[in-house]
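Here you go, sequence then predicted model.
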Amino acid sequence: MSKLAVVLFNLGGPDRPESVKPFLFNLFNDPAIIGAPRPIRWLLARLISGRRAPVARAIYARIGGKSPLLEMTGEQATALERLLGTAGEAKVFVAMRYWHPMSDEVAVAVRAFAPDEIVLLPLYPQYSTTTSGSSLSDWRRAAAAAGIGAPTVAVCCYPGQPGLIDLHAHVFGYSGSLWPDDTHLLTGTTVVDCGGSGWRTFETFKETVIDLDYKLDGSSLAGENHGGFPGWIEGRLVPRLVRGQTDSAA
């Protein structure tokens, strides 16, 4: 029976207060985030992470002093492994981009599993060079260093998959039933680069928001992004909020 390894990729997050600064340094030292030459990028990452760490540490303190992302992604990995196990021998690994477990240590574990095939699955529905692109690039480096030679395929770009849209609509719809009638749902994404990959990310984000809006009968959903493209937000979000304020005033 063939053995399948699936690697789930996510951003990662600090696992304790002391990890906040090195996590931020790893983030800003990524050439996909700051494209400056290595010495300059290193200095900028040191500067930004040093200044940002106290603020970020205080934010994490409100949710227990650490990011819940690893635990949540681990739950997804466990559920997927259980599902895949009904069809053969499969093991699901979690690789985080900016904090442990990172690609180097996960690649060693994958090699020890000795899979016949590897599937790389970024948990970012929209593609961006700063998310999926960065994770996959770092994995290829780590896999080569670990001597992994199994056939490998990458899953990419699934923001409009009906199952994903239906799941979001179900969760939002159920949650919305518990909210006051004048509640508006605001979705968000981060766009770092306002051209090229960033534009494609924003376009697919728009499509996802529109699909969700249709599923939710267009009654409560507006889109937001950070980092660029304000025109679509102003044209879509502001009228929703103004209308909501008007309704509330009435």
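Perfect, thanks for sending it.

Quickly list the domain ranges of the protein.
The chain breaks down into these domains under automatic domain parsing: 3-12+67-154, 17-61, 162-249.

mean pLDDT lowest for which of these?
Here these differ in mean pLDDT, and the lowest is domain 162-249 at a mean of 58.

Next up, identify which helix or strand residue 12 is on.
Following DSSP states H and E, there is no helix or strand that holds residue 12.

helices or strands next to the helix or strand harbouring residue 163 in the packing?
Residue 163 is located in helix 162-176, with elements delineated by DSSP H and E. Helices and strands touching helix 162-176, by 3 or more C-beta pairs under 8 Å, 6 or more residues apart in numbering; DSSP states H and E, are helix 197-215. Where you see a C-beta, it was placed from the backbone N, CA and C, and this is true even at glycine.

buried ones in the helix or strand harbouring residue 20?
When secondary structure is defined by DSSP H and E, residue 20 falls within helix 20-28. Across helix 20-28, burial judged by 16 or more other C-beta atoms under 10 Å covers 20-21, 23-28.

for stretch 79-88, same thing?
So stretch 79-88, judged by 16+ other C-beta under 10 Å, has buried residues residue 84.

What distance do you get for the residue lying closest to residue 78 once chain neighbours are set aside to residue 159?
Of all residues not flanking residue 78 in the chain, residue 92 sits nearest, at 7.5 Å (C-beta to C-beta, 6 or more residues apart in numbering). Using C-beta to C-beta, to the nearest Å, residue 92 is found at 22 Å from residue 159.

higher neighbour count, the two?
Neighbours of residue 92 and residue 159, each counted by other C-beta atoms under 10 Å, are more numerous for residue 92; the result is 23 against 20.
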